[in-house]
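J.: A predicted structure for the sequence below; I have some questions about it.
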Amino acid sequence: MQQSVVLKASNDGYELILRQAASFDDIMVDLKVLLDRLQADNTSDEQISFDLDTASRLLTADQSQKVTQLIQQYPLFSIHKLTADVILTSDALAMIERDTVHLVNQIIRNGQVVEITGDVLFFGKIHEGGVLRATGSIFVMGEIHGALEAGYPDHNDAVIVSPLATVPRVRVGELLELVDLEKVVEGTNVVYINDIQALDYQPLNQLKRVRPKLFTRNGGRI
Amino acid sequence: MGKAIVITSGKGGVGKTTTTANLGTALALMGKKVCLVDLDIGLRNLDVILGLDNRILYDIVDVVAGRAQLRQALVKDKRFDDLLFLLPAAQNADKDSLNPDQVRAIVDELKPDFDYVLLDCPAGIEQGFMNAIAGADAAIIVSTPEISAIRDADRVVGLLEQYPLAEAPKLVINRIRTRMMQDGETMDIDEITHHLSIDLLGIVFDDDAVIRTSNNGEPIVLDPKNPASQGYRNIARRIEGETVPLMNLETPKAGVWSRIAGIFHRNK
């Protein structure tokens, strides 16, 4: 019968692959046999850390705890990381939500707070007293008389790309301030948190220098 | 089946009650059967402006509490044959005496018998506001050209987006002082309408006669020549679906001398 747990060695170390068709109970039995044998064969006292690959299976919290506990019984063995070829649909949707640049074209009125997960390309209008709040970065093509909050609540690598002449208040990550018109450059500004952890304003042509990672993600081109 | 329209603003003192009284009267003058509902519980004024304050027997809280039938509480304006009625607010109760379901039930009971039910909303955006919009099919937002009134109107439009009515809200710009607007001391009509991004239903000029007539319990629309009255009459016609051009800012002072003065003023 085919083993339900396969041990593989690679350049990065050892990998334990849990065969997809096997039941979890069989895996636990085979894993114990395998680890016992490894323990017996092992002559050195070097620590071995495994990558555990569950293939097209997602372990429940309970199951992964059982596997971890089993491996912890052997003083020389530990789990380096748990990987799988699959993720939950809800996680996938959250990932899409987070990594999509959301196109928003609405009026945000006095007292309204529009909250977006991910980045925003904003075409609408923000009236005095309105707030646009994104967990990612904010890129503005519209008319802003309200507050812009990027990287909410604490993603300090987010940026705001917008003209600031009419914007009263900005926030990036954990830092917020009233827009300092002395610091504002003409035209479109890039607002970001600089190396000394302060809000800084740069002209648009500095965006690539300030946040090169923006252009290395999905759809990014330099 | 009639239509229920809430007249609201957010800010106080911009002319919600005056607008309610005058639009109701203007619609009655056009032969429509109208019921005005005063929802400013505790601070009722609509009855005073209509000159009906000493004819109140029961009020809306009496109706809700079952102390009176809706029919008994309606006050008829005798100047119009069975066309204009008022459901007064309570004076010795607070805004929490009503809830949105109760207001909705009253409005639904009134709608089959009237062409229009106009709901006079209290200032603010708390319970009284929620009560007032509960029964409405449409909303008229009243603002003056002052920035504080416009900000509050913006807030109210935002709230109406959150609790949408059957029709999108429309704007009435009240108490326009033509000279100040022409001189750019206040935002002009286009700026206000563009800023709030809602349809403009009409404009009403500021006029001393509005206060004078309301002190006498006679809505200004009863005077056909007054510019504020014309503004209200135009709005009433637009509510009825007619296409009426916007009044010219210079209309109220269209005398030869003021026109000449205006030309000099522009050339300064």
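T.: Received, thanks. Numbering: from 1, shown residues only, chains lettered A, B, ... in the order given.
J.: going forward, measure contacts between C-alpha atoms and count neighbours the same way
T.: OK.
J.: mean confidence for the host helix or strand of A:D30?
T.: Element membership of A:D30 [criterion: DSSP states H and E] is helix A:24-41. Confidence for helix A:24-41, expressed as mean pLDDT, is 87.
J.: same check, this time on stretch B:46-66
T.: Here the average pLDDT along stretch B:46-66 is 92.
J.: with stretch B:153-161 instead?
T.: pLDDT averaged over stretch B:153-161 gives 94.
J.: what residues are up against the residue of chain A found nearest chain B?
T.: Going by CA to the nearest CA, chain B is nearest to A:N110 of chain A, at 4.7 Å. Neighbouring residues of A:N110 by CA atoms under 8 Å, 6 or more residues apart in numbering or on different chains: A:127-130, B:151-152, B:154-155, B:158.
J.: how about those in a markdown table, adding distance to B:L87?
T.: A markdown table is the format used below for the contacts of A:N110 (distance: CA to CA, whole Å):
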| residue | distance to B:L87 |
| --- | --- |
| A:H127 | 37 |
| A:E128 | 37 |
| A:G129 | 36 |
| A:G130 | 37 |
| B:R151 | 30 |
| B:D152 | 27 |
| B:D154 | 29 |
| B:R155 | 28 |
| B:G158 | 28 |
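J.: from B:L200, how far off is the residue of chain A closest to chain B?
T.: As defined by CA to CA, to the nearest Å, A:N110 lies at a distance of 19 Å from B:L200.
J.: quick check: A:L70 touching A:L34?
T.: No. A:L70 lies out of contact with A:L34 (CA atoms under 8 Å); the separation is 11.5 Å.
J.: in the chain, which spans are helices?
T.: If you meant another chain, say so; for now it's chain A. Secondary structure of chain A (DSSP state H): helices at A:24-41, A:61-72, A:89-99, A:207-210.
J.: could you do chain B instead?
T.: Counting by DSSP H, the helices of chain B are B:16-29, B:46-49, B:60-65, B:70-73, B:100-110, B:127-134, B:147-162, B:178-182, B:189-196, B:208-215, B:227-239, B:256-267.
J.: can I get those helices in TSV with distance to chain A?
T.: What follows is the helices of chain B, written out as TSV (distance: least, CA to the nearest CA, whole Å):
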stretch	distance to chain A
helix B:16-29	20
helix B:46-49	29
helix B:60-65	31
helix B:70-73	37
helix B:100-110	22
helix B:127-134	16
helix B:147-162	5
helix B:178-182	22
helix B:189-196	8
helix B:208-215	31
helix B:227-239	26
helix B:256-267	30
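J.: A:L164 is nearest to which of these?
T.: Nearest to A:L164, of all those, is helix B:189-196, at 18.6 Å by CA to CA.
J.: what helices or strands is that closest one leaning on?
T.: helix B:147-162 (3 or more CA pairs under 8 Å, 6 or more residues apart in numbering or on different chains; DSSP states H and E).
J.: one more pass at 10 Å, please.
T.: Applying 3 or more CA pairs under 10 Å, 6 or more residues apart in numbering or on different chains; DSSP states H and E, we find helix B:189-196 packed against helix B:147-162, strand B:170-176, strand B:199-205.
J.: does the last one reach chain A?
T.: Read that as strand B:199-205. No. Judged by CA under 10 Å from any CA of the partner chain, strand B:199-205 and chain A are separated, with a smallest distance of 14.4 Å.
J.: could I get stretch B:185-196 in PDB with only the CA atoms?
T.: Extracted as PDB, the C-alpha positions of stretch B:185-196 are listed here (Å, rounded to 0.1, in the frame of the first residue of the first chain):
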ATOM      1  CA  GLU B 185     -20.500  87.600  -1.000                       C
ATOM      2  CA  THR B 186     -22.500  84.300  -0.800                       C
ATOM      3  CA  MET B 187     -22.200  81.200  -3.000                       C
ATOM      4  CA  ASP B 188     -24.400  81.500  -6.000                       C
ATOM      5  CA  ILE B 189     -27.200  79.200  -7.100                       C
ATOM      6  CA  ASP B 190     -25.100  77.200  -9.500                       C
ATOM      7  CA  GLU B 191     -22.300  76.800  -7.000                       C
ATOM      8  CA  ILE B 192     -24.700  75.600  -4.300                       C
ATOM      9  CA  THR B 193     -26.500  73.200  -6.600                       C
ATOM     10  CA  HIS B 194     -23.200  71.900  -8.100                       C
ATOM     11  CA  HIS B 195     -21.700  71.500  -4.600                       C
ATOM     12  CA  LEU B 196     -24.600  69.500  -3.200                       C
END
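J.: what is the rounded mean pLDDT of that stretch?
T.: The model assigns stretch B:185-196 a mean pLDDT of 93.
J.: got CSV for the helices of chain A, with mean neighbour count too?
T.: Output for those, formatted as CSV (neighbours: other CA atoms under 10 Å in any protein chain shown):
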stretch, mean neighbour count
helix A:24-41, 15
helix A:61-72, 14
helix A:89-99, 13
helix A:207-210, 14
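J.: want to throw those helices into JSON lines with distance to A:L175?
T.: Converted to JSON lines, the helices of chain A look like this (distance: least, CA to CA, whole Å):
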{"stretch": "helix A:24-41", "distance to A:L175": "48"}
{"stretch": "helix A:61-72", "distance to A:L175": "36"}
{"stretch": "helix A:89-99", "distance to A:L175": "21"}
{"stretch": "helix A:207-210", "distance to A:L175": "17"}
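J.: next, the contact list for residue 132, please.
T.: Using chain A here. A:108, A:112-116, A:120, A:122, A:126, A:138, A:144, A:146-150, A:170 (CA atoms under 10 Å, 6 or more residues apart in numbering or on different chains).
J.: wrong one, I was asking about chain B
T.: Neighbouring residues of B:A132 by CA under 10 Å, 6+ apart: B:5-8, B:37-40, B:98-100, B:103-104, B:107, B:118-122, B:139.
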